[in-house]
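Chemist: sequence isn't available, so here's the structure alone:
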């Protein structure tokens, strides 16, 4: 029994396998570097920009919808829509200014 050879010989080291492993390792390192957040401030700026855009669009669209609904109920077709639009713009800019003022106070020196 001890004199018998195994059915398959173990595969020896192959240069192609080593090269493939090195390429896979390099690809994993590049992918990790690419997915790693570079700058925490850039992420915060991205969130701030999204919030400004959301406030602006939400204010305008909300004002338009409420103005249109008021026009449908009261029968004053263009005026409620216009007043709602300008009120929505005003609310959006007020929210943006409030956010900008609180952000500047929270920044480290």
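Modeler: That came through, no problem. Computed from a prediction, not measured in an experiment: that's the story for all the values here.

Chemist: lowest-scoring secondary structure element of this structure by mean pLDDT?
Modeler: helix 77-106 (a mean of 88; mean pLDDT, DSSP states H and E).

Chemist: what residues of that helix count as buried?
Modeler: Neighbour counts over helix 77-106 (16 or more other CB atoms under 10 Å) mark 80-81, 83-85, 88, 91-92, 95-96 as buried. For glycine as for every other residue, the C-beta is placed from the backbone atoms N, C-alpha and C.

Chemist: reformat the residues you listed as CSV; add distance to residue 69.
Modeler: Listed next are the buried residues of helix 77-106 as CSV, based on distance: CB to CB, whole Å:
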residue, distance to residue 69
80, 8
81, 10
83, 12
84, 8
85, 13
88, 13
91, 16
92, 18
95, 21
96, 25
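
Chemist: for those, which one is nearest residue 68?
Modeler: Nearest to residue 68 out of those is residue 81 (CB to CB; 5.4 Å).

Chemist: residues in contact with the closest one?
Modeler: 64, 67-68, 71 (CB atoms under 8 Å, 6 or more residues apart in numbering).

Chemist: ok, residue 17 next?
Modeler: So residue 17 contacts nothing (CB under 8 Å, 6+ apart).
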